[in-house]
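Student: pasted the sequence and its predicted model underneath.
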Amino acid sequence: MFGKVMKQELRANSLLYGVASAIALLFAFATVMNRTRGTDVSYLVKAPLLITGCTVAIVVLVMLFLIHTALRYQKSMYGNEGYLTFSLPVSSVELVTGKYAAAALWGIIVCVLCALLCFSILYGAVAPSGTELFWAEVGKVWAMDGIRSSMVLIAVSLTLSMLETVAILYLAITLAHLPFIRKGNGIFALIFFFGISFAEGKVMELIPSLSTEYIEQTMTAILDKADLDLFFQGIRSFLLPAAISTVVMSVVYLAVTILLARKYTSIQ
């Protein structure tokens with residue numbers, strides 16, 4: 001049933017994300033083609049508008065994903081579709097994890113689109129006459145192992161953070177629909193979401209390599225030395241434990257969500 005739940009969620013969201021992805025790809029393609037087919041003068045006419053469009057598309061994609069994911073979970077679990085959901089021969093584990101797996105897949109797609117739009121912004125900001133220099137610099141940067149691994153780690157960390165946000169949303173919505181909360185479920189969901197996020201931030205500061213003081217000291221020392229390799233080494237020193245803690249906390253949030261759903265909702 002896990003596969004069927006995931007398939008149903010993917011089908012229910014395919015039209016919305018399909019249209020959003022098409023628009024994002026259109027902006028990215030137009031931004032790249034604007035500079036590859038034009039001169040420096042013609043390029044300058046459209047480039048600011050297209051780059052702004054790519055930037056707005058990134059913000060819209062992320063907000064659309066988070067808001068729609070929350071609304072979809074609330075509607076399918078506790079809204080109009082709840083009666084159908086609870087009539088299925090599916091366990092709470094399969095139900096929650098199936099929905100989360102579908103949301104995670106869409107989240108990864110959104111992250112890939114955002115990365116493509118970011119590249120389009122960087123590439124679109126280069127005048128056509130500077131194409132060879134741009135690719136030469138990209139090759140030099142990518143050839144540096146420390147910088148390459150740091151960039152990959154940053155991308156992975158951002159993706160994991162988005163998926164953790166989904167886990168927090170699921171837990172917050174589940175808490176907001178406990179039996180003793182009769183009204184204002186949406187407001188309580190927001191309160192729980194920001195409360196959990198704030199509490200996690202405080203807990204993470206107890207980890208030495210993730211504390212605010214450690215990060216500030218590390219970045220200050222790096223900036224004083226103005227060493228690029230040292231800068232990315234410092235980035236890796238706290239991104240790696242942050243990524244690990246993000247995965248751990250996501251699993252904890254999902255486990256608590258499943259336990260609460262099993263105990264307090266009408267799931268077979």
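Tutor: Now that the structure is in, tell me what you want to look at.

Student: so which elements touch the helix or strand containing M33?
Tutor: In this assignment (DSSP states H and E), M33 forms part of helix 2-36. In terms of contacts (3 or more CB pairs under 8 Å, 6 or more residues apart in numbering; DSSP states H and E), helix 2-36 is packed against helix 40-78, helix 92-124. C-beta: built from backbone N, CA, C; applies to glycine.

Student: pick the most deeply packed of those.
Tutor: By mean neighbour count, with neighbours taken as mean count of other CB atoms under 10 Å, helix 92-124 ranks first of the helices and strands packed on helix 2-36 at a mean of 20.

Student: and that one, what does it pack onto?
Tutor: Judged by 3+ CB pairs under 8 Å, 6+ apart, the packing partners of helix 92-124 are helix 2-36, helix 40-78, helix 145-176, helix 228-264.

Student: between it and helix 2-36, how many degrees?
Tutor: 0 degrees (axes from the mean of the first three to the mean of the last three CA atoms, to 10 degrees).

Student: pLDDT of helix 92-124, averaged?
Tutor: Within the predicted structure, the mean pLDDT of helix 92-124 is 87.

Student: repeat for stretch 169-189
Tutor: Throughout stretch 169-189, pLDDT has a mean value of 83.

Student: give the buried residues for it.
Tutor: 169-177, 185, 188-189 (16 or more other CB atoms under 10 Å).

Student: what is the nearest of the residues you listed to L239?
Tutor: Within those, the smallest distance to L239 is 23.1 Å, found for L169 (CB to CB).

Student: returning to what we had before: Throw the buried residues of stretch 169-189 into TSV and include distance to K46, thanks.
Tutor: As requested, the buried residues of stretch 169-189 are arranged in TSV below (distance: CB to CB, whole Å):
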residue	distance to K46
L169	38
Y170	42
L171	44
A172	42
I173	42
T174	47
L175	48
A176	46
H177	48
N185	46
F188	47
A189	42
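
Student: which single one of those residues is nearest to A136?
Tutor: L169 (43.2 Å).

Student: please name the nearest non-neighbouring residue to the closest one.
Tutor: Leaving aside its sequence neighbours, L169 sits nearest to A70 (CB to CB, 6 or more residues apart in numbering; 4.7 Å).
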